[in-house]
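Peer 1: Sharing a sequence plus its predicted fold:
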Number of protein chains: 2
Amino acid sequence: MLKLSKKADYGLMALQYIASVQYGDVAQARIINTKEIAEEHHIPVELLAKVLQALAKHGIVESQNGPKGGYLLARNAGTITIAQVLEAIEGPLGIADCYHDKDESACLQREHCNIRTPLRKVQDSIYQLLNNMTVEDMMGGTPLITIQPTTTVEGVER
Amino acid sequence: MLKLSKKADYGLMALQYIASVQYGDVAQARIINTKEIAEEHHIPVELLAKVLQALAKHGIVESQNGPKGGYLLARNAGTITIAQVLEAIEGPLGIADCYHDKDESACLQREHCNIRTPLRKVQDSIYQLLNNMTVEDMMGGTPLITIQPTTTVEGVER
DNA sequence: TTTTGTCCGACCAATTTGATCGGAGACCTG
DNA sequence: CAGGTCTCCGATCAAATTGGTCGGACAAAA
């Protein structure tokens, strides 16, 4: 219940990885291609590519074609929130459709719906929660997480 | 994204309705059958029955068979949290499986998973949020007389 | 005992999700 | 300058979850 999809998982992993390499060591900052991320995290390449496409289309990452190509963050990691990432991958988020849908919503219960108002509070709280966390918070060096500060940037042979 | 299923919606609506009739006016407290709830909210009867079965199996409502039968709350409305309801209907909730799963979890990424720790904070916050709200809190605009002395509006910060 | 109305468990169809394949464009190399 | 290679990109297919349905079992009333 409330479990986020594999695509969302993959997207967050990829963004964390890209941000770590891009912002972790400025000297070794480089473009990262889909294959590298997929092999590093053991996820299917083509599916990850699809996720990165969606992220690129929504202006979260930028794609660079051709050999030595790949992806890089379109803007600073601190300005990319989890909510933005999830919405880019799987559409608008919300525990119910009847809040952002148009009046043609097929919710037959809306006339006698008694849970609409109280649930809205829950949804707003969740949204605020996801919007206060950025991909920067998922990297090392923040008090949010307790990972060893020795983020060893692995030199992948090519 | 993060939308809760129809069954969860139906279950919450039914509980709100049962609680309103059962606690709203003590003089007119009565057993409510599945058909009445379904017709009141325009939802398929058989599906609602299935949801109520799950709630009964988890000790949230009690079933009474035979004519004049139906359902009633198993315990006070203030002690039934949204989290308990959702878990009864759709299993344990969590934005990822790898937290409550056994070591047998098929998550191939857990070795190199970088988002596990930060996402756990999000999950805990959501769980806490759903666990601080009860079906009593959903009885705000009940058409019947409310005799509950304390209306605790649970605010969630950040 | 018969009848009626209810809950209960197993079954089937539809939507969403996960995964895959071939093609188009861009960069490097000779 | 041209060919080859590597990358991203869009459309397509299979699997799993969800939404919905059906007949049987049980209990109370007549």
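Peer 2: That came through, no problem.

Peer 1: okay, now the closest residue to residue A:112 other than its chain neighbours: neighbour count?
Peer 2: Among residues not flanking residue A:112 along the chain, residue B:41 sits closest, at 5.3 Å (CB to CB, 6 or more residues apart in numbering or on different chains). Quick note: C-beta positions are derived from backbone N, CA and C, even for glycine. Residue B:41 has 20 neighbouring residues, counting by other CB atoms under 10 Å in any protein chain shown.

Peer 1: Next, the contact list for residue B:41, please.
Peer 2: Residue B:41 sits next to A:109, A:112, A:113, B:10, B:13, B:14, B:17 when contact means CB atoms under 8 Å, 6 or more residues apart in numbering or on different chains.

Peer 1: In a helix, the fourth one, correct?
Peer 2: This points to residue B:10. Yes. Per DSSP: H, G, I helix; E, B strand; the rest coil, residue B:10 lies within a helix segment.

Peer 1: Looking at the residue lying closest to residue A:42 once chain neighbours are set aside now. What's its pLDDT?
Peer 2: Nearest residue to residue A:42, sequence neighbours excluded (CB to CB, 6+ apart): residue B:108, at 4.5 Å. Predicted confidence (pLDDT) for residue B:108: 70.

Peer 1: and the gap between the residue lying farthest from the centre of chain A and DNA strand D?
Peer 2: Computed with CA atoms, centre = their mean, the maximum C-alpha offset from the centroid of chain A is found at residue A:112, amounting to 36.2 Å. For residue A:112, the distance to DNA strand D equals 16 Å [CB to the nearest atom of the strand, to the nearest Å].

Peer 1: circling back to that earlier point, tabulate the contacts of residue B:41 in JSON lines, adding columns for secondary structure.
Peer 2: Formatted as JSON lines, the contacts of residue B:41 follow (three-state DSSP):
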{"residue": "A:109", "secondary structure": "coil"}
{"residue": "A:112", "secondary structure": "helix"}
{"residue": "A:113", "secondary structure": "coil"}
{"residue": "B:10", "secondary structure": "helix"}
{"residue": "B:13", "secondary structure": "helix"}
{"residue": "B:14", "secondary structure": "helix"}
{"residue": "B:17", "secondary structure": "helix"}
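
Peer 1: how about those in TSV, adding distance to residue B:29?
Peer 2: Listed next are the contacts of residue B:41 as TSV, based on distance: CB to CB, whole Å:
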residue	distance to residue B:29
A:109	24
A:112	20
A:113	23
B:10	22
B:13	19
B:14	16
B:17	13
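
Peer 1: In PyMOL, how would I select the buried members of these?
Peer 2: To isolate the buried ones among those in PyMOL, judged by 16 or more other CB atoms under 10 Å in any protein chain shown, type:
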select buried, (chain A and resi 109+113) or (chain B and resi 10+13+14+17)
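
Peer 1: contact partners of the one helix or strand residue A:129 maps to?
Peer 2: Using DSSP states H and E, residue A:129 sits within helix A:116-131. Residues from elsewhere that reach helix A:116-131 (CB under 8 Å, 6+ apart): A:81-84, A:86, A:93-96, A:98-99, A:110, B:2, B:12, B:82, B:122, B:125-126, B:129-130, B:133, B:137-138, B:140-141, B:156, B:158.

Peer 1: Then stretch A:14-30?
Peer 2: So stretch A:14-30 is contacted by A:32, A:37, A:40-41, A:48, A:51-52, A:55, A:60-61, A:71-73, A:77, A:80, A:85, A:135-136, A:138-140, A:151, A:153, A:155, B:114-115 (CB under 8 Å, 6+ apart).

Peer 1: Among these, which are located in helices?
Peer 2: The helices, defined by DSSP state H, take in A:37, A:40, A:41, A:48, A:51, A:52, A:55, A:85 from the contacts of stretch A:14-30.
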